[in-house]
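**Student:** please work out how this folds:
(3 chains)
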Amino acid sequence: MKILSRRFYARNPKIVAIELLGKVIVRKVGNKKLSGMIVETEAYYGDKDPASRAYKGKKKYNSVMWDLPGKLFIYMVHGNWLLNIVAHGKDSVGVVLIRAIEPLDGIDEMMKNRKVKDIENLTNGPGKLTRAMGIDKRLNGFDVTKRNSEIVVVDSGFRPKSIANSYRIGVTKDLPEKLRFYLKGNRFVSK
DNA sequence: AGGAAGATCTACT
DNA sequence: GTAGATCTTCCTA
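**Tutor:** From the prediction side, this is the model:
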């Protein structure tokens, strides 16, 4: 179980979004371990991307986007916390939005957090997985490349067989490029 | 004060 | 499957 390094995130967000598929997010809460495999992501750029939180310039709440790659960027939309990881090269800004995961460890605990019966509905959306894992604003700016972080992303060795893409979901102004990526056929991809 | 925002839940046809 | 209410911050006036 290798923790992904800062170098992994210091690339074009589109590349990082694709390569994050199949990796595992591990969340530690006290002595409990919650984890899930990433099955759906979206890439966002900076000032050239009207759907990006960085589009209108640096603000207090989005300043972490200009910070080091590998940090968490968390913000609220429609009453849901959305989990992003900062990913960009030296002279640009970008993030990868985690849209869905496949639950692995701590499923009982996550069920409790979300009050749902069927596993399929547990983490198949960006706002759902954050609630299931107990992620909120407190974790904004967290570094996921450090061992012993409350959250890390590891390479389990899994290699996706087939990856599909589409336009991003829910955005009012998208770019003419398909920036959403997901594991084809996986039942935990959002609807 | 008012409204928009990478969404979700519920209650229907 | 779709339609509408509701979710909570942060921006703009």
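**Student:** distance of the residue lying farthest from the centre of chain A from DNA strand C?
**Tutor:** Farthest-out residue of chain A from its mean C-alpha position, per C-alpha atoms, centre = their mean: A:Lys117, at 23.7 Å. According to C-beta to the nearest atom of the strand, to the nearest Å, A:Lys117 stands 16 Å off from DNA strand C. (Each C-beta comes from the backbone N, C-alpha and C, glycine too.)
**Student:** check A:Phe8 too.
**Tutor:** 28 Å.
**Student:** so that residue: helix, strand or coil?
**Tutor:** On the three-state scheme (DSSP: H, G, I helix; E, B strand; the rest coil), A:Phe8 is labelled helix.
**Student:** same deal with A:Ala100?
**Tutor:** strand.
**Student:** cool, and A:Arg11?
**Tutor:** Going by three-state DSSP: A:Arg11 is coil.
**Student:** likewise for the one 4 residues further on?
**Tutor:** State at A:Ile15, reduced to three classes by three-state DSSP: helix.
**Student:** cool, and A:Val64?
**Tutor:** helix.
**Student:** partners of the host helix or strand of A:Ile25 in the sheet?
**Tutor:** Element membership for A:Ile25 (DSSP states H and E) is strand A:24-29. Sheet pairing here is set by DSSP bridges, and for strand A:24-29 it gives strand A:32-44 (antiparallel), strand A:151-155 (antiparallel).
**Student:** what's the closest of those to A:Tyr167?
**Tutor:** strand A:32-44 (9.5 Å; C-beta to C-beta).
**Student:** quick one: average confidence on the closest one?
**Tutor:** For strand A:32-44, the mean per-residue pLDDT is 97.
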